[in-house]
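Visitor: A predicted structure for the sequence below; I have some questions about it.
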Amino acid sequence: MNTYGRSFGRNGNYSKNDQITGRELMTPDEVRMLDNQFALLFIRVERPVKDLKYDLLKHPNIDMTSDGKAEPYIHGEVKDAAFIIGLAGSLEGEVSGAEIA
């Protein structure tokens, strides 16, 4: 914003002031009042992005997840294994070998 001032006196005077004015992109109140269909994305070294949210339930592969028709994934569960290796005997002392169960 530029402001100018001029006075008409005995000597006369003229002044010019330059000011940089602006505002935050979004105030905290504006962020809180965002419609639920929007998301704010903060990516390092990039400017923030306001984008539409994606409805995961409309994804073509939703049937492969537990939100669709698939069974939930259980971490550590053995499925479709050709064989399982287990230790025989106690773990105290030396273990001489492995046994196929």
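Guide: Received the coordinates, thanks.

Visitor: for stretch 37-47, measure first residue to last.
Guide: 20 Å (Cα to Cα, to the nearest Å).

Visitor: repeat for stretch 39-51
Guide: Note: stretch 39-51 ends 5 Å apart using Cα to Cα.

Visitor: what residues does that stretch touch?
Guide: 25-26, 31, 34, 38, 52-53 (Cβ atoms under 8 Å, 6 or more residues apart in numbering). The way it works is simple: take the backbone N, C-alpha and C, and place the C-beta from them, glycine included.

Visitor: averaged pLDDT, it. What do you get?
Guide: For stretch 39-51, mean pLDDT rounds to 91.

Visitor: the contacts of stretch 39-51 in strands, which ones?
Guide: The members of the contacts of stretch 39-51 that map onto strands under DSSP state E are 38, 52.

Visitor: pick out the most distant pair among the contacts of stretch 39-51.
Guide: 25 and 53 (19.2 Å; Cβ to Cβ).
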